[in-house]
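Trainee: Sharing a sequence plus its predicted fold:
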Amino acid sequence: MACSLLLFFTISAVHAQNDSLSKPAPVKKNVPPVHSPHKAAAMSAIVPGLGQFYNHKYWKIPVIYVAGIGLGYFLWYEQGNMDYYNFNYQQSVNLNYYKMDPAARFYNTDQLLEEKNRFNHYRDLAFIGCLALYTINVLDAAVDAHLWHFDQRINDDLGMRVSPSVQPGYGSLLPVPGLHLTFCLK
């Protein structure tokens, strides 16, 4: 009796192993050649947007340049106003009122200094914005290059399904609409 039970469990275990081995092996996707994050970051550091071109993220290039043009204009505008008020402030301090712009003569020396400092502050913010845009441009190119093979390496069994649902309301007799999230991890 014990031998027959041992034989039964042995055959069942071998049969279970054969079932798991008989399943077809998952098909491997063709992974393109290596995509270098260092190259993408270097390209984007030399010419803004070139790393995004290397990563085939073409839609980001106009965004980078429009933001750069906007921040560049802001920098130029604030620098011009700061220079204007600085010049008129210097003339007011030196009592050269005849060299001042006629519109600036209505300001006293303290007001001219305040305006100069205000535009200096905005100019500095514009410069910081330009540096931040440049840094984000380089980092974005490097991160996109790091994630280049992400879609090829992810398993097809992973996924998420979003569907509408109706749930009972708390403290109410009426149902409450909501969303039902289902994560598939096979």
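Mentor: Perfect, I can see it now. The structure displayed is predicted, hence computed values, not measured ones.

Trainee: what helices or strands is whichever strand or helix holds T135 leaning on?
Mentor: Here T135, judged by DSSP states H and E, is contained in helix 109-146. Taking 3 or more Cβ pairs under 8 Å, 6 or more residues apart in numbering; DSSP states H and E as contact, the helices and strands that helix 109-146 lies on are helix 37-46, helix 50-54, helix 60-93. Quick note: C-beta positions are derived from backbone N, CA and C, even for glycine.

Trainee: could you check the angle helix 37-46 makes with the last one?
Mentor: Angle between the axes of helix 60-93 and helix 37-46 is 40 degrees (criterion: axes from the mean of the first three to the mean of the last three Cα atoms, to 10 degrees).

Trainee: of all the helices and strands packed on helix 109-146, which gets the most neighbours per residue?
Mentor: Ranked by mean neighbour count, those are led by helix 50-54 with a mean of 21 (mean count of other Cβ atoms under 10 Å).

Trainee: Please export the C-alpha coordinates of it as PDB.
Mentor: Extracted as PDB, the C-alpha positions of helix 50-54 are listed here (Å, rounded to 0.1, in the frame of the first residue of the first chain):
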ATOM      1  CA  LEU A  50      19.800  67.500 -29.600                       C
ATOM      2  CA  GLY A  51      19.500  64.900 -26.800                       C
ATOM      3  CA  GLN A  52      15.800  64.800 -27.300                       C
ATOM      4  CA  PHE A  53      16.300  64.400 -31.000                       C
ATOM      5  CA  TYR A  54      18.700  61.400 -30.300                       C
END
